[in-house]
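Visitor: Below are the sequence and a predicted model; questions follow.
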Amino acid sequence: MPSQKKNKRRVAVALSGGVDSSVSALLLKRQGFGVVGFYAKCWLPSENDKCTSDVDEKRAMMVAKQIGIPFYSLDLVEDYKERVFKYFVETYKRGETPNPDVVCNKELKFGILFDKVMGLGFDYFATGHYARKTKDGKFIKAHKDSKKDQSYFLARLDKEKISKIVFPLSDLTKKEVREIAKKEGLITSEAPESQGICFIGEVNLREFLSRYIKPQKGLVVEYETNKVLGEHQGVFYYTIGQRKDIRIPGGPYYVIKKDVNTNTLYVTKDKDKLLTNKIKFNDVYVFSENGLSGKLEAKIRSQQEFKRCEIKKDKNGFFAIFDEPQWGVAPGQVIAFYKQKKLIGSGIIE
């Protein structure tokens, strides 16, 4: 947390309508900062969506009034469609599994929203993420509460912006945040956890994707025998390791491979076949001047414990060689790398 100076420093807080960002704004005001709340409207809900953006916006406005800070809502709907949602759909079309929360943070929350509000003369930009920063303020660190750590979702941020970012919840657990909100009577104290797609909410993924990717019948094939087991409506509706919605008798079956060119879904009953020690990745982004090399820790999912690995590079690209086999590695997902819990870089799994 940056220290206060004689002249009041101004902080823009990204208010989502949830308890985390609300308590973040409250804590900053208590510390004497000049706090202003901003809500980013990124999706227009339809009758077929469970999108709660209108409710979230109203809740954010009301909690800002409770805390006693100015509040503004910014329309980023078109920016979201172009920079996040387009990527989301196109990645599924390629047969890969996107990570919209990571891209949303980079392009929207810490991208367009950050740029707009910092352009208004604010000193810092704060969010309700469960993450920390190193003492020198140059790097992001994993949160002390491993079950709530959200540093993985920040693995693609522009490193030049980190010094201006504040995480007021860096030393608090979720339980403690809820308790603060209840004690202060904030209307967000019982607000539900964010679920589903970033800024869209919880949806039936297959039904939602079918609006943007036309269903196409294909074969479900047993991986070991090439025996045809049934049909599916499109390989892009599935991800590696998925068990749900395969609908083949005699299971459970797990998705082990997808052939986009032939629209063939390969499945197996042997879940151990989805284990691998070696993960290839590309589109490398580093926070450290030393780059990615040697022995590090990594995450291929946000709530995963740190796993030891060694980074190697050859003419074919970058590889993470893990001490323990990793299960259900999905192309398109982010792999985040750490050293002593300090986030030092990331890549996209091939």
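Guide: The structure has been received and is ready for your questions.
Visitor: Do me a favour and get the end-to-end distance for stretch 9-24?
Guide: End-to-end distance for stretch 9-24: 15 Å, by Cα to Cα, to the nearest Å.
Visitor: got it, and stretch 87-106?
Guide: 13 Å.
Visitor: buried sites along it?
Guide: Buried residues in stretch 87-106, counting neighbours by 16 or more other Cβ atoms under 10 Å, are found at 87-88, 91-92, 95-106. For glycine as for every other residue, the C-beta is placed from the backbone atoms N, C-alpha and C.
Visitor: repeat for stretch 107-117
Guide: So stretch 107-117, judged by 16+ other Cβ under 10 Å, has buried residues 107, 108, 109, 110, 111, 112, 113, 114, 116, 117.
Visitor: show me where the stretch 101-250 of the chain has helices.
Guide: 114-118, 174-183, 205-209 (DSSP state H, counting those that start in this stretch).
Visitor: What is the neighbour count of the closest residue in space to residue 94 that isn't next to it in sequence?
Guide: Here the nearest residue to residue 94 in space, its sequence neighbours aside, is residue 260; by Cβ to Cβ, 6 or more residues apart in numbering that works out to 6.6 Å. Using other Cβ atoms under 10 Å, residue 260 has 14 neighbouring residues.
Visitor: pLDDT value on residue 260, please?
Guide: Turning to residue 260, the model gives it a pLDDT of 95.
Visitor: Quick check: it vs residue 136, distance?
Guide: 45 Å (Cβ to Cβ, to the nearest Å).
Visitor: between the host helix or strand of residue 24 and helix 174-183, how many degrees?
Guide: Here residue 24 sits within helix 19-30, counting by DSSP states H and E. Orientation check (axes from the mean of the first three to the mean of the last three Cα atoms, to 10 degrees): helix 19-30 against helix 174-183 gives 70 degrees.
Visitor: In helix 19-30, which residues are buried?
Guide: 19, 20, 21, 22, 23, 24, 25, 26, 27, 28, 29.
Visitor: Let me see the contact set for the first one.
Guide: Looking back up the chat, that one is residue 19. Counting by Cβ atoms under 8 Å, 6 or more residues apart in numbering, residue 19 touches 128, 177, 178, 181, 186, 188, 189, 190, 191.
Visitor: List phi and psi for residue 308.
Guide: Backbone torsions for residue 308, taken as degrees, to the nearest 10, come to phi -70, psi 140.
Visitor: Correct me if wrong: it contacts residue 322.
Guide: Yes - Residue 308 lies in contact with residue 322 (Cβ atoms under 8 Å); the separation is 7.0 Å.
Visitor: more neighbours, those two?
Guide: residue 322 (18 against 12).
Visitor: In whatever helix or strand that one lives in, which residues are buried?
Guide: Taking DSSP H and E as the criterion, residue 322 maps to strand 317-327. By neighbour count on 16+ other Cβ under 10 Å, the buried set for strand 317-327 is 318, 319, 320, 322, 326, 327.
Visitor: picking that back up, in the buried residues of stretch 87-106, find the pair that's most separated.
Guide: 95 and 105 (24.1 Å; Cβ to Cβ).
Visitor: buried residues in stretch 184-195?
Guide: 186, 187, 188, 189, 191, 194.
Visitor: Give the rounded mean pLDDT of it.
Guide: For stretch 184-195, the per-residue pLDDT averages 86.
Visitor: how distant is that stretch from the center of its chain?
Guide: Its chain's average C-alpha position is 20 Å from that of stretch 184-195, according to Cα atoms, centre = their mean, to the nearest Å.
Visitor: ok, now stretch 83-92?
Guide: For stretch 83-92 - counting by Cα atoms, centre = their mean - the centre lies 14 Å from the chain centre.
Visitor: What of stretch 219-226?
Guide: Using Cα atoms, centre = their mean, the offset of stretch 219-226 from its chain centre is 33 Å.
Visitor: Please apply the same query to stretch 210-224.
Guide: That offset, for stretch 210-224, works out to 26 Å (Cα atoms, centre = their mean).
Visitor: partners of residue 13 in the sheet?
Guide: residue 37, residue 126 (DSSP bridges).
Visitor: tell me the average confidence for the helix holding residue 24?
Guide: Mean predicted confidence for helix 19-30 is 97.
Visitor: same deal with stretch 217-226?
Guide: Mean predicted confidence for stretch 217-226 is 97.
Visitor: Contacts for it next, please.
Guide: Under Cβ under 8 Å, 6+ apart, the answer for stretch 217-226 is 227-235, 246, 248, 256-257, 262-268, 270, 273.
Visitor: Swap in 10 Å and give it another go.
Guide: With contacts defined as Cβ atoms under 10 Å, 6 or more residues apart in numbering, stretch 217-226 is touched by 227-235, 238, 246-248, 250, 253-260, 262-270, 273.
Visitor: Check which residues of it are buried.
Guide: 218, 219, 220, 221, 222, 223.
Visitor: and that stretch, C-alpha only, in PDB?
Guide: Provided in PDB are the C-alpha atoms of stretch 217-226 (Å, rounded to 0.1, in the frame of the first residue of the first chain):
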ATOM      1  CA  LYS A 217     -22.800 -32.800 -35.800                       C
ATOM      2  CA  GLY A 218     -19.600 -34.900 -35.400                       C
ATOM      3  CA  LEU A 219     -18.500 -38.300 -34.100                       C
ATOM      4  CA  VAL A 220     -17.500 -39.300 -30.600                       C
ATOM      5  CA  VAL A 221     -14.700 -41.800 -30.900                       C
ATOM      6  CA  GLU A 222     -13.000 -44.000 -28.300                       C
ATOM      7  CA  TYR A 223      -9.400 -42.800 -28.100                       C
ATOM      8  CA  GLU A 224      -7.800 -46.300 -27.700                       C
ATOM      9  CA  THR A 225      -9.800 -48.200 -30.300                       C
ATOM     10  CA  ASN A 226     -11.100 -45.600 -32.800                       C
END
